[in-house]
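Enquirer: From the sequence below, what's the structure:
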Amino acid sequence: MSYSVGQVAGFAGVTVRTLHHYDDIGLLVPSERSRAGHRRYGDADLDRLQQILFYRELGFPLDEVAALLDDPDADPRAHLRRQHELLTGRIEKLQKMVAAVEHAMEARNMGINLTPEEKFEVFGDFDPDQYQEEVQERWGDTDAYRQSQQRAASYTKEDWQRIQDEADELTRRFVALMEAGEPADSEAAMDAAEDHRQGIARNHYDCGYEMHTCLGEMYVSDERFTRNIDAAKPGLAAYMRDAILANAVRHTA
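Expert: Reported below is the predicted structural model:
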């Protein structure tokens, strides 16, 4: 039994454009073609796609994924062992990074000195002080919190409006990339992720690539962030997380 590119995209939760790209670079070449020349994927192709998506989830560049999967000395059990090791390593790293993840609450949740009228004008229905008590209780003794508080205390209404406008423009940019079918690890998406990181460092607190990766993970692990981000487009939080991770790999590998 074989499947069309549209069916496989639906199964795997990827775009048709991504599958076309994988075919073009030889990473996932469908084993069959219809009489009309359309791609048809078999069970072995789906198994390979599953492996590709696993390694991509862990941030491996496409060329490294290809090298791993095309290793003539590797067998399915070797891939499973490697995946187990990678997952275990990632879990341990994430456990060590919990404190850093907690530092990354958005600065607009941290003591913004605006009148109620100004807050509404700048942020609309979003209440930037909604989680202030939680933030102070959990992260009040962190360097990131103190740095963010210091910067926030000096910002005027115009500063917050500029920061919010920058955030809104970046959101529109990510949405446009998603709608255009750009993979999260494309140059355009990674460039947007880099601008996102630089905006945090410029406006809120020092944000290196490890910190930025933690923030991206929180976008999908904390339903409050996911709900807020996905309001612009369903799936946006996961897309941003993937772009942030790919960008971090690009700059630190």
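Enquirer: can you tell me which residues contact Val65?
Expert: 27, 51-52, 55-56 (C-beta atoms under 8 Å, 6 or more residues apart in numbering). Placement of C-beta: from N, CA and C, glycine included.
Enquirer: Pull up the gap between it and Asp185, please.
Expert: As judged by C-beta to C-beta, to the nearest Å, Val65 and Asp185 stand 10 Å apart.
Enquirer: hmm, back to that, of the contacts of Val65, closest to Leu69?
Expert: Gln51 (5.8 Å; C-beta to C-beta).
Enquirer: Scan the contacts of Val65 and report the most crowded one.
Expert: Counting neighbours by other C-beta atoms under 10 Å, Ile52 leads those with 22 neighbours.
Enquirer: Kindly give the local confidence score, pLDDT, for that one.
Expert: Here, the pLDDT recorded for Ile52 equals 90.
Enquirer: Name the secondary structure element that contains it.
Expert: Assigned by DSSP states H and E, Ile52 belongs to helix 43-57.
Enquirer: what helices or strands is that helix leaning on?
Expert: With contacts taken as 3 or more C-beta pairs under 8 Å, 6 or more residues apart in numbering; DSSP states H and E, helix 43-57 sits against helix 5-12, helix 62-69.
Enquirer: Now do the shared contacts for Val65 and Asp185.
Expert: With C-beta under 8 Å, 6+ apart as the test, Val65 and Asp185 both reach Arg56.
Enquirer: worst average pLDDT in the helices and strands packed on helix 43-57?
Expert: Out of the helices and strands packed on helix 43-57, helix 62-69 stands lowest, with a mean of 86 (criterion: mean pLDDT).
Enquirer: following that one, which helix or strand shows up next?
Expert: Scanning onward from helix 62-69 (DSSP H and E), the first element met is helix 76-96.
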